[in-house]
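Trainee: Let's see this in three dimensions:
(4 chains)
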Number of protein chains: 4
Amino acid sequence: MPVGPIRTALKVDLDKPAPSQAGLHNRWHPDIPFAATIQPGEVVTIECVDWTGGQIKNDDSADDVRDVDLSCVHFLSGPFEIPGAEPGDILTVEIQDVQPFAERPWGFCAVFDKKNGGGFLDEEYPQAAKAIWDFEGIFCSSRHIPGVRFPGLIHPGIMGCAPSTELLAEWTRRESELVATSELAKTRDVALLPEPKSIHAGSATGELKAKIGAEGARTIPGRPEHGGNCDIKNLSRGSKTYLPVHIKGAGFSVGDLHFSQGDGEISFCGAIEMAGRITVKFDIVKNGMETLGMKSPVYIPGPVEPNFGPGRMLTFEGFSVDSAGKQHYLDVNVAYKQTCFRVIEYLKRFGYSGEQIYLLLSCAPVQGHIGGIVDIPNACTTMGLPMDIFDFDISPAFASKNGGVTKMDLGSCAYTSDRK
Amino acid sequence: MPVGPIRTALKVDLDKPAPSQAGLHNRWHPDIPFAATIQPGEVVTIECVDWTGGQIKNDDSADDVRDVDLSCVHFLSGPFEIPGAEPGDILTVEIQDVQPFAERPWGFCAVFDKKNGGGFLDEEYPQAAKAIWDFEGIFCSSRHIPGVRFPGLIHPGIMGCAPSTELLAEWTRRESELVATSELAKTRDVALLPEPKSIHAGSATGELKAKIGAEGARTIPGRPEHGGNCDIKNLSRGSKTYLPVHIKGAGFSVGDLHFSQGDGEISFCGAIEMAGRITVKFDIVKNGMETLGMKSPVYIPGPVEPNFGPGRMLTFEGFSVDSAGKQHYLDVNVAYKQTCFRVIEYLKRFGYSGEQIYLLLSCAPVQGHIGGIVDIPNACTTMGLPMDIFDFDISPAFASKNGGVTKMDLGSCAYTSDRK
Amino acid sequence: MPVGPIRTALKVDLDKPAPSQAGLHNRWHPDIPFAATIQPGEVVTIECVDWTGGQIKNDDSADDVRDVDLSCVHFLSGPFEIPGAEPGDILTVEIQDVQPFAERPWGFCAVFDKKNGGGFLDEEYPQAAKAIWDFEGIFCSSRHIPGVRFPGLIHPGIMGCAPSTELLAEWTRRESELVATSELAKTRDVALLPEPKSIHAGSATGELKAKIGAEGARTIPGRPEHGGNCDIKNLSRGSKTYLPVHIKGAGFSVGDLHFSQGDGEISFCGAIEMAGRITVKFDIVKNGMETLGMKSPVYIPGPVEPNFGPGRMLTFEGFSVDSAGKQHYLDVNVAYKQTCFRVIEYLKRFGYSGEQIYLLLSCAPVQGHIGGIVDIPNACTTMGLPMDIFDFDISPAFASKNGGVTKMDLGSCAYTSDRK
Amino acid sequence: MPVGPIRTALKVDLDKPAPSQAGLHNRWHPDIPFAATIQPGEVVTIECVDWTGGQIKNDDSADDVRDVDLSCVHFLSGPFEIPGAEPGDILTVEIQDVQPFAERPWGFCAVFDKKNGGGFLDEEYPQAAKAIWDFEGIFCSSRHIPGVRFPGLIHPGIMGCAPSTELLAEWTRRESELVATSELAKTRDVALLPEPKSIHAGSATGELKAKIGAEGARTIPGRPEHGGNCDIKNLSRGSKTYLPVHIKGAGFSVGDLHFSQGDGEISFCGAIEMAGRITVKFDIVKNGMETLGMKSPVYIPGPVEPNFGPGRMLTFEGFSVDSAGKQHYLDVNVAYKQTCFRVIEYLKRFGYSGEQIYLLLSCAPVQGHIGGIVDIPNACTTMGLPMDIFDFDISPAFASKNGGVTKMDLGSCAYTSDRK
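Mentor: Below you'll find the model as predicted:
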């Protein structure tokens, strides 16, 4: 009994506006109509637009990044009904492949303007920047960051099942409380609450669409109860993820495909964002949340991750003392920021700009580890940089032997037209 | 020209009190007399006591852990003079091997009492606990945590060069400021300031010893300018670390040997602590801090780390929503704590106690990664648990197939005699 | 300067007979007209038919295998002209991706009849058999060999540059000599000499085609001077191969795509054969044969091979004592054959037939190593079998704990209709 | 219940002649008295002399290699009685560690004279040569082959259980038959039959010793029924081997410790031979030969093998066309020999002598794979060379960029005093 070609459960049209396509949506809500049905055990391909719905162009200006409309992101494919899935079950998702579209072999990573999106290092890099990446099979390279080339650990940034009405209410409650009570909320966004503007609720219209706009959870944060925008680079080909189910039929959505990403996705739009196809197979573990003792997703990576060998990772250490010399108490965020700065300083010597490196650390397969988190007052984190992604020798041994490094002309990433 | 046996640059005596051994010290200070001299390029072995200087016994009670004297830790071997090293240079340290003493093939990991040391999860696990690990070549197993066995990613928790007078002053300044200004400091230690009690300054006596006691930096935290207590599990056999030099002769010290550790060393005394030997070779990069653009240590791991295969890591996700349902803003510490809880809940189903798992996650080679750190308001972290360290099948696939798991009798870790 | 979509340098038509397609050919000869031109540095995709040109069907009978016409294989895509390449140069081929056609997500592996093709174990398995494999993204599974599933180490079995007239003559000389002098040649084919029957010389017709048919080297064997049908499973995504150039323009050809293969491809048609696309980029090393000291191809594998972890490879040993108890002198072939038998015996216990395992060892990513080759009179070889490709536990530890194994119903591979 | 130090089941004395030590023996025979008893489940350390019993010195002459007495090798430690083991059982051997003696941190690899031992390439390299390797923890380097340094994949070359009387007779029968019938036997040793000269039978004396000398199987070859001298480099730390038992008490012996070895151990004395200690734990699978379907040993490697990353292996191809241009029929030995020559030619360009490379390929962790073994008439084999063991860049990419390589002064290995 030969098996036929793999069914495409959802097609997208890259030439049509994302908000006009009924198989896409940009909020989490239990009432978004199912876009299609996928049987457990069926192998299907799902097409996805890039997370911004095509706002970013393959050119040499970052103006589109500076002006990006973030109220309309992320455009997700789905929700898909998985017959048989019920609240309390676990939906397993085996990712069998992720591919860019053959006719669109490129992606982008970007630094957002601090006033429109921001990022992990936005105090230091407040203005927008962009790099376009060309895909050559499993590899990618960028005219905006010459000298590097690496295989993609390709993955979806977002996967999750729809929340129940109760869960949605809880998300809104706790995120509203943060906004209401956070000092920081006076000077910057600390959470994004439901926002009717730019709402796209799939095939929903009228009152239903308005309800979803009023109540629907934004897709920016991952959330413990369903996963969502986890931005975990290892959810790649061959991985299997166990997702909690909160509504009948599961309501699985996926999107935000990344050709590659570094741990932390530090520039926020830091992965190599792309449109493309994902091939998946679902299964259901009845009553799995209880049986497997799960409150948040778990996953098993696939067996084919890029393996540079441990001895080829140049690893930087950072501690929770900030750039002004202020000591923070076991603060991993401060430590990881410092770790990033150490890498930036190191790579600048070769001729890269800070923005180029900031972009690179966001999208190359760097390993961000929690080192020590108990040695008061300093947290220690590390960032491992695979030396073999560079086409020149960045090792300290090479620099030591040659008494330093030679500064090269390493071009420029894309900046905004109004950059000072 | 045959090469002779490897020289032991420092011997320790496990039967003598650590404070009485002139080759050990327990503070960072530029004036601690050199314990010995090691030439660049020379291969030497250095012996080390365990970090507590022998306070913890191979028995089935955690009373010694509860009552541990933390004012006297860590006992480090050194400082060693490396002729030719000067401030501004980089000292490279190639770790060629780390071994426990053949006559002492065991180590310990422990949960400290919240009032004496604490740890990452001390709100939930406030009382002392302990597990003894027996070494069988590259493997270890514990009568206190049956069912697991793994190869050690053996490493020193602490390596660093002595601070200069100026650097020492800066450390004290910023840590004092934290203590003075932190709200949290009212209820718990947030930093450990210089403390004359239990000072051991190697061969220094009298006034010099008193001066070192008054000024010397505590060894608990790693610090960005020299490394120190980084507790990075990957500084193992074959690794090469680049350490900034701050005084003439470098004043390299090493200690806190770990047979194995998980990312974060979450229970604080969480690695498998041991006495043993480390074989190293030094080299000097003249003016390396400038040439290599380095403010903090960097390292390259060795090529022989345990490789379980990516597809054998069961990986848990955690987010910055705490156990009470409170939303935190991009807080990696909260997220990693939640990640730990997810693993604990998962493994408890098999019959382990919370303390057993807390200990296990501290010392087994778990991978703690920073997932997404920019998706406001949720940080996402992951913990990868190698499934092959268990002698039963912990995979969710196995549980799914069998409709759940069978609770087993998995013994007990060591508790205190006064445990409620 | 955005880069456009990747150009397809050659298209094939799966619905047209392979011999009628001008971009294909099935002999090595310097005079086969170039099928297309590809510039050094250009990224292109090349389409390929399966090696038999579509003779094998996705069904449950091995009659097509038994009756396969081997005089017409392999159908290769090319030859491609690489401007600038000259004799003595090296052509580098970076394989950027290999993919099956989306509309044809299946492949086949087969045991040939001993009288028509044969294979490594044809004394023991003289009759034809077949297994069809379905592709699910990076994974494949077969209704004919249930219980296994693995990611493909996808690669072309054949890559090479066209021989010069002189080189072609040398090939014919030495292979004719073997046929003329070999005892074994009386009972079986020991080499395949030029054969006008079924010749396909691309766009050549008339006299030129007849000349190529009379002189052209068969594509079955790999040959030291140019590579060709090496069947090296590691020439996969990301690999870079250095190929000697023998004619102006190189005349690069490629084909015999494999979704997966085990070391040795023991059943001859043992890889998972498929039609598909390969994406490549060429470069030229002028005078590289001398500069690089190369007489045969060398390659560097890509960084993304499946990594099961060394501790998950169940490895079998075999020695050069044959099944009749006869001692052979350091004969690796005998040893490897015995190694295969050891695996077959081991896996038969679970319910597989010998043919199923013979097929499986040919196409799954088994590692065939030369152990000891100097300990007279026994050569020792090993075959490492990744345990994680099975969905049941094949480890000896599991069998030991359970007092043996349970024989299962594991179906059947496809056999011929006249099987006795 | 604390566990004590690990027991040493057998000590050797490096200052006493090997033939005078009762715990050693150099033949396989069921009647060699047990040297000691080791319980199943007990962790013990066994000391071993080097395989020649100390004949090779740490100096710069290969005269000792030329004149080595091969009638007395290998000196094995044992046989050990494992209570409970009976014929038909399987003895599992978990190797927990292998270490050189701290006071003897060096080993040797050698090319034997063609007339006394020979090796895989003895037609081309007929004279003795030697390299001494110094151990620095997990690494080794040699004054005789400068420019390389690598971590050892440390392992015993020989492990096995004693043969039964019947099995011994069968070995002698088939090896005698080979000697009697082989053409090649007229010009070189093709097997080594029982040889009373230099017999060492442990504590046996008088008639028993004479019987063992007359009947005992030589230890040079591995043999399918028990393993023995397999020279498999992956039987390293953490591996678990399943060995058939042929006599009551098993009679396990071990020796021929190697600090490192390449696949094939091509120069015969090609591993880095050393004296040292091995730590093991045994277990018994009752009736395991039947239960596990085993006729020859199987093993599972440990999880800590050196991992250079697949993309760091420069891999050479070889085919079964010999250096004189003669075509051989699917002959893996010819192909692997050619593969070795390709590596030798490649590395000679940097300044190494042929002997230096021959030695290096024997002992460095090169991967020798069987590529294609069915494409008549050419077998294809590969040898993967980890580029990171060199302290200069051997990649073809580097040479291409620089228009070739610079010949260096790379010293000399040790030769014999009478070398022409």
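
Trainee: contacts and neighbour counts: CA atoms only from here.
Mentor: Noted.

Trainee: who touches residue A:247 in this structure?
Mentor: A:30, A:85, A:86, A:87, A:162, A:163, A:164 (CA atoms under 8 Å, 6 or more residues apart in numbering or on different chains).

Trainee: let's go with 7 Å and repeat that
Mentor: A:86, A:87, A:162, A:163, A:164 (CA atoms under 7 Å, 6 or more residues apart in numbering or on different chains).

Trainee: same check, this time on residue A:312
Mentor: Taking CA under 7 Å, 6+ apart, we find residue A:312 in contact with A:386, A:387, B:300.

Trainee: Lowest mean pLDDT among the helices and strands, pick that one out for chain A.
Mentor: Least confident helix or strand of chain A, by mean pLDDT, DSSP states H and E, is helix A:396-401 with a mean of 92.

Trainee: in that helix, what's buried?
Mentor: Going by neighbour count (16 or more other CA atoms under 10 Å in any protein chain shown), the buried part of helix A:396-401 is A:396, A:399, A:400.

Trainee: contact partners of it?
Mentor: A:405, B:285, B:292.

Trainee: how does it look with 6 Å?
Mentor: Identification of contacts with helix A:396-401 by CA atoms under 6 Å, 6 or more residues apart in numbering or on different chains yields residue A:405.

Trainee: about what we covered before: from the contacts of residue A:312, pick the one nearest residue B:325.
Mentor: Closest to residue B:325 out of the contacts of residue A:312 is residue A:386 (37.9 Å), distances taken as CA to CA.

Trainee: The contacts of residue A:312 in helices, which ones?
Mentor: Using DSSP state H, no member of the contacts of residue A:312 falls in helices.

Trainee: The closest residue to residue A:184 other than its chain neighbours in helix, strand or coil?
Mentor: Spatially, and ignoring its direct neighbours in sequence, residue A:184 is nearest to residue A:190 (7.1 Å; CA to CA, 6 or more residues apart in numbering or on different chains). Following DSSP: H, G, I helix; E, B strand; the rest coil, residue A:190 is assigned to coil.

Trainee: for the closest residue to residue A:208 other than its chain neighbours, helix, strand, or coil?
Mentor: Excluding the flanking residues, the one nearest residue A:208 by CA to CA, 6+ apart is residue A:31, at 7.8 Å. At residue A:31, secondary structure determined by three-state DSSP is coil.

Trainee: Tell me the spacing between residue A:31 and chain D.
Mentor: Counting by CA to the nearest CA, to the nearest Å, the gap from residue A:31 to chain D is 48 Å.

Trainee: Report the mean confidence score over the host helix or strand of residue A:166.
Mentor: Taking DSSP states H and E as the criterion, residue A:166 maps to helix A:165-181. Helix A:165-181 comes out with an average pLDDT of 97.

Trainee: Stretch A:124-139 now?
Mentor: The model assigns stretch A:124-139 a mean pLDDT of 97.

Trainee: can you pull the buried residues of it?
Mentor: So stretch A:124-139, judged by 16+ other CA under 10 Å, has buried residues A:125-139.

Trainee: Run through these and flag the ones next to chain C.
Mentor: Checked against chain C using CA under 6 Å from any CA of the partner chain, the buried residues of stretch A:124-139 give the following subset in range: A:136, A:137, A:138.

Trainee: With respect to chain B, which of the residues you listed is nearest?
Mentor: residue A:138 (18.5 Å; CA to the nearest CA).

Trainee: In contact with the closest one: list those residues for me.
Mentor: A:151, A:152, C:96, C:97.

Trainee: Pull up the gap between it and residue C:99, please.
Mentor: Shown here: residue A:138 relative to residue C:99, a distance of 11 Å by CA to CA, to the nearest Å.

Trainee: about what we covered before: which pLDDT does the model give the residue nearest to residue A:184?
Mentor: Value listed for residue A:190 in the pLDDT field: 95.

Trainee: Mind checking the pLDDT average for stretch A:356-373?
Mentor: pLDDT averaged over stretch A:356-373 gives 95.

Trainee: how about it, does it reach chain C?
Mentor: No. Applying CA under 6 Å from any CA, one finds stretch A:356-373 separated from chain C by no less than 12.3 Å.

Trainee: Could you work out the end-to-end span of that stretch for me?
Mentor: Start-to-end, stretch A:356-373 (CA to CA) is 30 Å.

Trainee: And for stretch A:271-291?
Mentor: 35 Å.

Trainee: Can you list the buried residues in that stretch?
Mentor: Buried-residue list, stretch A:271-291, by 16+ other CA under 10 Å: A:271-289, A:291.

Trainee: quick one: which of those residues sit in strands?
Mentor: A:271-273, A:276-285 (DSSP state E).

Trainee: Widest-spaced pair of the residues you listed?
Mentor: A:272 and A:285 (32.9 Å).

Trainee: Tell me the helix or strand right after the helix holding residue A:166.
Mentor: According to DSSP H and E, the helix or strand after helix A:165-181 is helix A:206-215.

Trainee: what sits up against that next one?
Mentor: A:194, A:196, A:199, A:201.

Trainee: For those, please prepare JSON lines with the additional fields neighbour count, distance to residue D:358 and pLDDT.
Mentor: Below are the contacts of helix A:206-215 laid out as JSON lines (neighbours: other CA atoms under 10 Å in any protein chain shown; distance: CA to CA, whole Å; pLDDT from 0 to 100):
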{"residue": "A:194", "neighbour count": "21", "distance to residue D:358": "70", "pLDDT": "97"}
{"residue": "A:196", "neighbour count": "18", "distance to residue D:358": "73", "pLDDT": "96"}
{"residue": "A:199", "neighbour count": "22", "distance to residue D:358": "70", "pLDDT": "97"}
{"residue": "A:201", "neighbour count": "30", "distance to residue D:358": "69", "pLDDT": "98"}
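
Trainee: Would you mind putting those residues into a markdown table with distance to residue A:361 alongside?
Mentor: Shown next, in a markdown table, are those (distance: CA to CA, whole Å):
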| residue | distance to residue A:361 |
| --- | --- |
| A:194 | 31 |
| A:196 | 34 |
| A:199 | 32 |
| A:201 | 34 |
